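Student: Mind looking at a prediction? Sequence and model below.
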Amino acid sequence: MKAQNIEDGKKKFFAEQYTTAAQLFQQILTQKPDDAFTRYWLVRTYLVKGEAQEAKNTLAATPASIANDPFITIAKGAVSLQQGDTVQARSNFTTAIGTAKKKNPAIQLAVAAINIDLIHGDLNYAIDLLNEAGKKDKNDPELFTAMGDAYRKQYDGSQAFKAYQAAIDANKTYAVAYYKIGKIYQTQDNASVFTEYYDNALKYDSQLAPVYYQLYLWYYNKDVNKALEYLKQYIANSAADSKNDYLLTDMLYVSRKYEDAIKAGKQLINKEGMLVKPRIYKLIAYSYDGLNDYKNADNYMKLYFNKEADSNYVAKDFEMLGKIDEKNNLPAEAALAYEKAYHMEKDSSLQLNYVTKLASFYKAQKDHVKEAYWQGKLYGLKKNATNVDLFQWGVAAYNAKDYHMADSAFGIYERKYPEQTFGYYWNARSAAAIDTAMETGIAIPHYTHLIEIAGKDTANATNRKWLIQAYGYIAAYKVNKEKQYNEALTYYDKILALDPANNDAEHYKSILNKMIESASKNGTNN
């Protein structure tokens, strides 16, 4: 029974079920505290788990009768190695191994394994020990598997494969070796090969949980239903662990089993209470969103924000909040959420989505100041921005009475689209709004360019309309600023040529003629 229990513990260790392995080794030591081999395995397991103090406690409880046993000496070296004391560790390992004639393959394997497991271990030393041990023991699959692990840590997949294959040659039912070869091929995305090795691993050990976990990872982004089934198999063959509950809840959401995800999430909250990870509240909110239940989605999203640290928020959190607020007919709140998402997001391609929403929202709200701001951001973010994007930015700025911003936007429009009238027309209007007293005449060049382009097609109704405005503005400038009455008359004539019934042009022309006549009588030259 003792031997069987040790093998059960080792089996769990190699299946990466370290908590269960430790429990089995503890049970053995409770019955036989002087079992040095089991105590070595318990120390090794604690160190792999990252529980250094438990490893030290296990060593401290070693009975005096076995204090000098080679496996206890190796365990002492393991603790020293974990602490970074490589000199003391090597001294312990050398003592445990003994002289050349007395070298025991099992001892060499135990030392090599520690060096492979721990961060301060010497992989070349481990490989040398295993090569030497392999000359004496050619039938131990554990020995060759350890060698494969050492080569994998050195990123030598070819030698790792050979070592794992040697383990299979030594024992064709050694499931762990099949699993580890499968992992090599999985890193190469060679699905047809790694699935064959995984199938063999499960054939010889249907409870080898890591195989199910790797298959779950493989299918996560390919087939969520398969991924879910493999995750369930992994959990079924693993020790109870809240980490698995989180994985399952997440997978239920990803596979769009929203009601099951909500149920699992709430069970986690009840089970863990204040210790539950806040992201579970977010996951439940997302699941309610998937069910179009925006009221509950809002409740759980607020719980998430209340319980999670600010430093852990991500842009997507606020994006979801914005979406929920939109669905709950809270547009102002949605806009604030999208603004926060924009400021948190560093990826410009993702920022674009938020900016588009914000520009549309403020346009609908007729908040032209904010619309202009976000339209400007939108134009800057778009890699292939069009004339329409420029136009919307410029018009929003004009409507916001930010005429300098409008002038900048339509200035860009003029340069990028010189054959189109829109840039000249709106730039002229923006400049005219800046120069309300016609002191500087900054609108004149834009109106002049507009006349050049629009004058090529006077059949177009918009062109005629804009030409009339341009002629009228220039005529007014000629009169009020330059006192060039005769030149002004020519522009009113141009208006009448386009629109003979234009009463304003007739009216101003009549006034100008009188002014010219009066000036002539008074001897004034203009």
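Tutor: That came through fine. Numbers count the residues shown, from 1 in each chain.

Student: Please identify the buried residues of stretch 311-331?
Tutor: 315, 317-327, 330 (16 or more other CB atoms under 10 Å). Quick note: C-beta positions are derived from backbone N, CA and C, even for glycine.

Student: Then stretch 508-518?
Tutor: Within stretch 508-518, the residues that count as buried by 16+ other CB under 10 Å are 508, 509, 512, 515, 516.

Student: In this structure the third one contacts residue 492, no?
Tutor: Just to be clear, that refers to residue 512. Yes: the criterion here is CB atoms under 8 Å, and residue 512 meets it with residue 492 at 7.2 Å.

Student: In the stretch 301-450 of the chain, where is pLDDT below threshold?
Tutor: Along the stretch 301-450 of the chain, the model assigns pLDDT under 70 to no residue.

Student: contacting residues around the helix or strand harbouring residue 512?
Tutor: Residue 512 belongs to helix 503-521 when assigned by DSSP states H and E. For helix 503-521, the surrounding residues in contact (CB atoms under 8 Å, 6 or more residues apart in numbering) are 472, 475, 479, 485-486, 488-489, 492-493, 495-496, 499, 525-526.

Student: can I have the lowest-mean-pLDDT helix or strand in the chain written out in PDB, keeping just the CAs?
Tutor: Every helix and strand of the chain was ranked by mean pLDDT, DSSP states H and E. The lowest is helix 2-14, at a mean of 83. C-alpha atoms of helix 2-14 as PDB (Å, rounded to 0.1, in the frame of the first residue of the first chain):
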ATOM      1  CA  LYS A   2       2.900   2.400   0.800                       C
ATOM      2  CA  ALA A   3       4.500   1.900  -2.600                       C
ATOM      3  CA  GLN A   4       1.200   2.300  -4.300                       C
ATOM      4  CA  ASN A   5       0.500   5.500  -2.400                       C
ATOM      5  CA  ILE A   6       3.800   7.000  -3.400                       C
ATOM      6  CA  GLU A   7       3.200   6.200  -7.000                       C
ATOM      7  CA  ASP A   8      -0.300   7.800  -6.700                       C
ATOM      8  CA  GLY A   9       1.300  10.900  -5.300                       C
ATOM      9  CA  LYS A  10       4.000  11.000  -8.100                       C
ATOM     10  CA  LYS A  11       1.200  10.400 -10.600                       C
ATOM     11  CA  LYS A  12      -0.600  13.500  -9.300                       C
ATOM     12  CA  PHE A  13       2.600  15.500  -9.300                       C
ATOM     13  CA  PHE A  14       3.400  14.700 -12.900                       C
END
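
Student: buried residues in that helix?
Tutor: Within helix 2-14, the residues that count as buried by 16+ other CB under 10 Å are 5, 6, 8, 9, 10, 11, 12, 13, 14.

Student: As CSV, these with distance to residue 27 would be great.
Tutor: Below are those laid out as CSV (distance: CB to CB, whole Å):
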residue, distance to residue 27
5, 7
6, 11
8, 10
9, 9
10, 14
11, 14
12, 12
13, 14
14, 18
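
Student: measure residue 475 to residue 215 for me?
Tutor: To residue 215, residue 475 is 81 Å away according to CB to CB, to the nearest Å.

Student: for the buried residues of stretch 311-331, which one is nearest residue 412?
Tutor: Nearest to residue 412 out of the buried residues of stretch 311-331 is residue 315 (CB to CB; 28.8 Å).

Student: now that closest one: how far from residue 342?
Tutor: Taken as CB to CB, the span from residue 315 to residue 342 is 8 Å.

Student: Which neighbours do these two have in common?
Tutor: Taking CB under 8 Å, 6+ apart as the contact rule, residue 315 and residue 342 both touch residue 354.

Student: Any stretches of the stretch 1-150 of the chain with poor pLDDT?
Tutor: By pLDDT under 70, the low-scoring segments of the stretch 1-150 of the chain are 1-4, 100-102.

Student: That one: helices as residue ranges?
Tutor: With DSSP state H, counting those that start in this stretch, the ranges of helices along the stretch 1-150 of the chain come out as 2-14, 18-31, 36-49, 52-60, 70-82, 86-97, 105-117, 123-136, 141-153.

Student: right, so of the ones you listed, which gets closest to residue 169?
Tutor: Among those, if distance is taken as CB to CB, the winner is helix 141-153, at 8.2 Å.

Student: the inter-axis angle of that closest one versus helix 105-117?
Tutor: If you take axes from the mean of the first three to the mean of the last three CA atoms, to 10 degrees, helix 141-153 sits at 30 degrees to helix 105-117.

Student: Please, which helix or strand holds residue 377?
Tutor: Using DSSP H and E, residue 377 falls in helix 368-381.

Student: got the contact list for that helix?
Tutor: Contacts of helix 368-381 (CB under 8 Å, 6+ apart): 342, 348, 351-352, 355-356, 358-359, 362-363, 365, 385, 389-390, 392-393, 396-397, 399-402, 405, 409.

Student: Of those, keep whichever come out buried.
Tutor: Buried, going by 16+ other CB under 10 Å: 342, 351-352, 355-356, 358-359, 362-363, 389-390, 392-393, 396-397, 400, 402, 405, 409, out of the contacts of helix 368-381.

Student: just how off-centre is the very next helix or strand once past the helix holding residue 377 within its chain?
Tutor: Next helix or strand after helix 368-381 toward the C-terminus (DSSP H and E): helix 387-399. Put simply, helix 387-399 sits 32 Å off its chain's centre (CA atoms, centre = their mean, to the nearest Å).

Student: Check stretch 343-356 too.
Tutor: Computed by CA atoms, centre = their mean, the chain-centroid distance of stretch 343-356 equals 13 Å.

Student: now swap in stretch 333-341 and tell me
Tutor: Computed by CA atoms, centre = their mean, the chain-centroid distance of stretch 333-341 equals 19 Å.

Student: Also stretch 264-279?
Tutor: 24 Å.

Student: for stretch 276-283, same thing?
Tutor: Computed by CA atoms, centre = their mean, the chain-centroid distance of stretch 276-283 equals 18 Å.

Student: Show the buried residues in the contacts of helix 503-521.
Tutor: Buried members of these, scored by 16+ other CB under 10 Å, are 472, 475, 479, 485, 488, 489, 492, 495, 496.

Student: quick one: the fifth one and residue 473 touch, right?
Tutor: Translated: residue 488. No: when contacts are counted by CB under 8 Å, residue 488 is not listed as touching residue 473 (11.0 Å).

Student: Name the residues of stretch 56-65 that are buried.
Tutor: Neighbour-count burial for stretch 56-65, counted by 16+ other CB under 10 Å, picks out 56, 58, 59, 62.

Student: burial count for residue 49?
Tutor: Counted with other CB atoms under 10 Å, the neighbours of residue 49 add up to 14.

Student: Could you do the one 5 residues further on as well?
Tutor: Using other CB under 10 Å, residue 54 is surrounded by 17 other residues.

Student: Check residue 98 too.
Tutor: 12.

Student: And it, its phi and psi?
Tutor: Main-chain torsions, residue 98, degrees, to the nearest 10: phi 80, psi -160.
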